[in-house]
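Participant: here's a sequence, model it:
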Amino acid sequence: MVDIFSKNFSNSEYVTNNISDLTEITGVIKWFDIVRGFGFFTPDDNYSHMGDVLLHVTYLRWAGYHTICAGDLITAIVQKRESGYQTFKILSMKQSELWDFSAPSDDRSRVEIANKEGMRSAIVKWFDRVKRFGFLTVEGISEDVFVHMEIIRKYSLLGLYPKQAVLVRLDKGEKGFMVTEIYPDTSKSYIQISH
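Facilitator: Reported below is the predicted structural model:
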């Protein structure tokens, strides 16, 4: 049985009356759909009898994570529900070494970018998930810069929100600049950019 009180749970209001239903496990992210806001991870061999475990975007945000990719390692407290096992609290995550960036184990919210040349600081002006696009204010660019949902998905961001700090790589098309690469800039939550 897991001692939930020693884990300092921020979502303790969701604890069922039977805390013996909580189990700490490790596993590998199977898939995660940013638009739908959930995905699944496969527990390691010791807990394979559980089947795939549901992981909701809310738990990623509560734990302070900004990205998630198939193949990432996860350690979490899971809870047995009628429909199967669901994530209750994320304890740690380690990004797959197959990606171009990784979060150091001592600072899970910091993203290391393999090639920083050409990256620019930006802030999200707005992003509409229904329309599947938005615009950023980018350092050194006087016009708004277009970002499409496909780029958000490609770089496994969990979404964008106004005034969010990001790092981007750009390309200039017929209609102006557009984002070709995007990463969360977790060194600052909000930034001021002057043109």
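Participant: what pairs with Thr26 across the strands?
Facilitator: Using DSSP bridges, the bridge partners assigned to Thr26 are Thr75.
Participant: test my guess that it contacts Leu73.
Facilitator: Yes: taking C-beta atoms under 8 Å as the definition, Thr26 is a contact partner of Leu73 at 6.7 Å. C-beta here means a position set from N, CA and C on the backbone, and glycine is covered the same way.
Participant: now the chain, which segments are flagged as low pLDDT?
Facilitator: 1-20, 34-35, 66-67, 95-116, 158, 186-195 (pLDDT under 70).
Participant: where do the strands sit along it?
Facilitator: Assigned by DSSP state E, the chain shows strands spanning 22-33, 38-43, 53-56, 73-81, 84-94, 101-102, 112-113, 120-128, 133-138, 145-148, 165-173, 176-184.
Participant: out of those strands, nearest to Ser156?
Facilitator: Closest to Ser156 of the strands of the chain is strand 22-33 (C-beta to C-beta; 7.5 Å).
Participant: elements contacting the closest one?
Facilitator: Secondary-structure packing of strand 22-33 (3 or more C-beta pairs under 8 Å, 6 or more residues apart in numbering; DSSP states H and E): strand 38-43, strand 53-56, strand 73-81.
Participant: please convert those strands to a markdown table, extending it with mean neighbour count and distance to Lys94.
Facilitator: Formatted as a markdown table, the helices and strands packed on strand 22-33 follow (neighbours: other C-beta atoms under 10 Å; distance: least, C-beta to C-beta, whole Å):
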| stretch | mean neighbour count | distance to Lys94 |
| --- | --- | --- |
| strand 38-43 | 20 | 12 |
| strand 53-56 | 20 | 15 |
| strand 73-81 | 19 | 4 |
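Participant: what's the closest of these to Glu143?
Facilitator: Closest approach to Glu143 among these (C-beta to C-beta): strand 38-43, 35.3 Å.
Participant: ok, the nearest residue to Asp171 once chain neighbours are set aside - contacts?
Facilitator: Using C-beta to C-beta, 6 or more residues apart in numbering and skipping the chain neighbours, the partner closest in space to Asp171 is Thr180 (4.7 Å). Counting by C-beta atoms under 8 Å, 6 or more residues apart in numbering, Thr180 makes contact with 151, 168-171.
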